[in-house]
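> Curious how this folds, go ahead:
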Amino acid sequence: MATIEPTTHERPAAGGTFRVRPATPEDAAAMLDAAHDAFRTSPYLLTSPDEFTMTESDERAFVAGILAHPRQLMLIAEAGGLVLGMLDMRQPSTRRKARHRVLLGMSVREALRGQGVGTALMARAIERARAHPDLSLVTLEVYAANSRAIALYERFGFVPKGTLPGGLVHDDGSAWDQVEMYLPV
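The predicted structure follows:
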């Protein structure tokens, strides 16, 4: 995707400011720290905490791979070197017939949820998707129980495509419904 300039945002509930900008491989350690916070504090991530085994080297390569792809994006919200939240848009398929769409994923540190970090990340991501000439569809998958995330996505115009009953099963055997959503850009 084209160059994205950093933007500064206020954190109304906590005071202070944060920036949203493209991630770089040099952000790997801070991104891993933020990811581990999200895994410790949210039951709503699609990857189980013990499945997330990325090293700093792995994370650097992952970010570099996203940056090298013209239709993919990795954004971070950061303040003072601390990653507050992350968002990626990746192509789920390499097939030509599906290259017009991306799959969005996002996480925000527990202490900063509900303070505008996710909103700022989403705004920048949707802006970039709309500006990209080859993209026309952003999709995502979310826990049906994650009403705050669904409300955020709907504010940006995402439409529920359907609910997959028991689409996610936790290690304790509990089944959770999954909602698939889309946004034409």
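
> Please, where are all the strands along the protein?
7-10, 17-22, 73-79, 82-90, 101-108, 137-143, 159-169, 175-184 (DSSP state E).

> Extract the residue ranges of this protein that are flagged as low pLDDT.
Applying pLDDT under 70 to the chain flags the ranges 1-15.

> got the contact list for the most centrally placed residue in the chain?
For the chain, Met106 is the residue whose C-alpha lies nearest the centre (CA atoms, centre = their mean; 2.0 Å). Counting by CB atoms under 8 Å, 6 or more residues apart in numbering, Met106 touches Gly85, Met86, Leu87, Asp88, Gly118, Leu121, Met122. Every C-beta, even on glycine, is put in place using the N, C-alpha and C of the backbone.

> What of Pro49?
By CB under 8 Å, 6+ apart, the contact set of Pro49 is Phe39, Arg40.

> ok, back up a step: redo the contacts of Met106 as CSV? Include neighbour count.
Below are the contacts of Met106 laid out as CSV (neighbours: other CB atoms under 10 Å):
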residue, neighbour count
Gly85, 25
Met86, 25
Leu87, 23
Asp88, 21
Gly118, 22
Leu121, 25
Met122, 22
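
> what two of the residues you listed are the furthest from one another?
Asp88 and Gly118 (13.4 Å; CB to CB).

> and the nearest residue to Ala38 once chain neighbours are set aside, how far is that from Arg113?
Of all residues not flanking Ala38 in the chain, Ser107 sits nearest, at 4.0 Å (CB to CB, 6 or more residues apart in numbering). Computed with CB to CB, to the nearest Å, the distance linking Ser107 and Arg113 is 10 Å.
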